[in-house]
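> generate a structure from the sequence data that follows.
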Amino acid sequence: MSAGFLMFYSVLVLFGMVLLGIYGVVTRSNMIKKIIMLNVMGDAINMLFIIIGYRLVYPVFPPIYEGHLSFEEFLRTAVDPVPQALVLTAVVIGMAMNILLSAYVIQIYRLYGTADVRDIAQLRRGGR
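Residues are numbered from 1 along each chain as shown. Purely as a prediction, here's the structure:
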(Lines give C-alpha, C1' and ligand atoms only; values in the text may rest on other atoms or scores of the structure.)
Protein backbone atom coordinates (compact mmCIF):
# COMPACT_ATOMS: atom_id res chain seq x y z
CA MET A 1 0.00 0.00 0.00
CA SER A 2 1.27 3.41 -0.88
CA ALA A 3 1.23 6.37 1.47
CA GLY A 4 -1.05 8.32 -0.86
CA PHE A 5 -3.59 5.47 -0.77
CA LEU A 6 -3.60 5.45 3.03
CA MET A 7 -3.78 9.26 3.14
CA PHE A 8 -6.80 9.25 0.82
CA TYR A 9 -8.72 6.72 2.91
CA SER A 10 -7.73 8.47 6.14
CA VAL A 11 -9.22 11.69 4.81
CA LEU A 12 -12.32 9.79 3.68
CA VAL A 13 -12.81 8.19 7.12
CA LEU A 14 -12.26 11.50 8.90
CA PHE A 15 -14.73 13.24 6.60
CA GLY A 16 -17.22 10.48 7.48
CA MET A 17 -16.58 11.17 11.17
CA VAL A 18 -17.30 14.87 10.62
CA LEU A 19 -20.58 13.95 8.94
CA LEU A 20 -21.36 11.55 11.81
CA GLY A 21 -20.75 14.36 14.29
CA ILE A 22 -23.06 16.70 12.40
CA TYR A 23 -25.71 13.98 12.21
CA GLY A 24 -25.45 13.33 15.96
CA VAL A 25 -25.72 17.01 16.87
CA VAL A 26 -28.76 17.52 14.65
CA THR A 27 -30.70 14.34 15.47
CA ARG A 28 -30.03 13.64 19.16
CA SER A 29 -32.13 15.38 21.77
CA ASN A 30 -29.96 14.57 24.80
CA MET A 31 -27.49 17.39 25.43
CA ILE A 32 -24.77 15.03 26.71
CA LYS A 33 -24.89 13.12 23.42
CA LYS A 34 -24.72 16.41 21.54
CA ILE A 35 -21.56 17.36 23.44
CA ILE A 36 -20.02 13.95 22.69
CA MET A 37 -20.80 14.31 19.00
CA LEU A 38 -19.31 17.83 18.99
CA ASN A 39 -16.12 16.27 20.40
CA VAL A 40 -16.10 13.58 17.71
CA MET A 41 -16.56 16.22 15.03
CA GLY A 42 -13.89 18.52 16.48
CA ASP A 43 -11.34 15.73 16.84
CA ALA A 44 -11.94 14.60 13.25
CA ILE A 45 -11.45 18.16 11.99
CA ASN A 46 -8.23 18.45 14.00
CA MET A 47 -6.95 15.22 12.47
CA LEU A 48 -7.83 16.53 9.00
CA PHE A 49 -5.72 19.62 9.67
CA ILE A 50 -2.80 17.44 10.80
CA ILE A 51 -3.06 15.30 7.66
CA ILE A 52 -3.18 18.42 5.48
CA GLY A 53 0.12 19.60 6.98
CA TYR A 54 1.90 16.24 6.59
CA ARG A 55 4.39 15.65 3.77
CA LEU A 56 4.45 12.41 1.79
CA VAL A 57 8.24 12.31 1.49
CA TYR A 58 10.84 10.29 3.31
CA PRO A 59 12.54 11.28 5.55
CA VAL A 60 10.19 13.84 7.07
CA PHE A 61 11.85 16.45 9.26
CA PRO A 62 10.40 18.57 12.04
CA PRO A 63 9.94 22.24 11.14
CA ILE A 64 13.24 23.25 12.76
CA TYR A 65 16.03 24.15 10.37
CA GLU A 66 19.35 22.49 11.05
CA GLY A 67 22.58 23.26 9.27
CA HIS A 68 23.23 19.77 7.82
CA LEU A 69 20.39 20.19 5.25
CA SER A 70 20.30 22.50 2.31
CA PHE A 71 17.50 25.04 2.56
CA GLU A 72 15.76 23.64 -0.54
CA GLU A 73 15.82 20.11 0.90
CA PHE A 74 14.50 21.43 4.20
CA LEU A 75 11.57 23.17 2.45
CA ARG A 76 10.80 19.98 0.53
CA THR A 77 10.86 17.60 3.51
CA ALA A 78 9.83 19.64 6.56
CA VAL A 79 6.37 19.27 8.00
CA ASP A 80 4.23 22.43 7.82
CA PRO A 81 4.03 23.95 11.34
CA VAL A 82 0.92 26.09 10.71
CA PRO A 83 -1.64 23.23 10.93
CA GLN A 84 0.10 21.99 14.07
CA ALA A 85 -0.24 25.39 15.70
CA LEU A 86 -3.89 25.66 14.62
CA VAL A 87 -4.66 22.21 16.04
CA LEU A 88 -2.94 23.03 19.32
CA THR A 89 -5.05 26.18 19.60
CA ALA A 90 -8.21 24.26 18.63
CA VAL A 91 -7.55 21.63 21.31
CA VAL A 92 -7.29 24.29 24.01
CA ILE A 93 -10.42 26.08 22.78
CA GLY A 94 -12.25 22.74 22.50
CA MET A 95 -11.38 21.87 26.10
CA ALA A 96 -12.69 25.22 27.31
CA MET A 97 -15.85 24.74 25.23
CA ASN A 98 -16.39 21.28 26.72
CA ILE A 99 -16.05 22.61 30.26
CA LEU A 100 -18.46 25.46 29.57
CA LEU A 101 -21.05 23.24 27.84
CA SER A 102 -20.80 20.63 30.60
CA ALA A 103 -21.38 23.31 33.24
CA TYR A 104 -24.43 24.51 31.30
CA VAL A 105 -25.83 20.99 31.04
CA ILE A 106 -25.31 20.40 34.77
CA GLN A 107 -27.12 23.64 35.60
CA ILE A 108 -29.96 22.85 33.17
CA TYR A 109 -30.29 19.40 34.70
CA ARG A 110 -30.48 20.96 38.17
CA LEU A 111 -33.22 23.37 37.05
CA TYR A 112 -35.35 21.06 34.90
CA GLY A 113 -34.44 17.54 36.05
CA THR A 114 -33.61 16.41 32.52
CA ALA A 115 -31.00 16.93 29.83
CA ASP A 116 -33.40 16.24 26.94
CA VAL A 117 -34.09 19.36 24.88
CA ARG A 118 -37.60 18.23 23.92
CA ASP A 119 -38.58 17.75 27.55
CA ILE A 120 -37.10 21.12 28.50
CA ALA A 121 -39.00 22.85 25.69
CA GLN A 122 -42.22 21.19 26.87
CA LEU A 123 -41.56 22.23 30.48
CA ARG A 124 -40.88 25.83 29.42
CA ARG A 125 -44.15 25.97 27.46
CA GLY A 126 -46.07 25.02 30.55
CA GLY A 127 -46.22 21.23 30.38
CA ARG A 128 -48.73 20.91 27.53
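> show me where pLDDT drops low in this structure?
For the chain, applying pLDDT under 70 flags the ranges 1, 3, 57, 127-128.
> okay, buried residues for the helix ranked longest in it please.
In the chain, taking DSSP state H as the definition, the longest helix is helix 81-112. Buried residues in helix 81-112, counted by 16 or more other C-beta atoms under 10 Å: Pro83, Gln84, Val87, Ala90, Gly94, Leu101, Val105. (Each C-beta comes from the backbone N, C-alpha and C, glycine too.)
> give me the distance from that helix to the chain's centre.
Helix 81-112 has its C-alpha centroid displaced from the chain centroid by 11 Å (C-alpha atoms, centre = their mean, to the nearest Å).
> now the element after it, going C-ward?
helix 117-125 (DSSP states H and E).
> quick check: closest non-adjacent residue to the residue nearest to the spatial centre of the chain.
Nearest residue to the geometric centre of the chain (C-alpha atoms, centre = their mean): Gly42, 1.9 Å. In space, and not counting its chain neighbours, Gly42 is closest to Gly94: 5.0 Å by C-beta to C-beta, 6 or more residues apart in numbering.
> and that neighbour, what is it in contact with?
By C-beta atoms under 8 Å, 6 or more residues apart in numbering, the contact list for Gly94 reads Asn39, Gly42, Asn46.
> check which helix or strand the second one maps to.
Gly42 is located in helix 31-53, with elements delineated by DSSP H and E.
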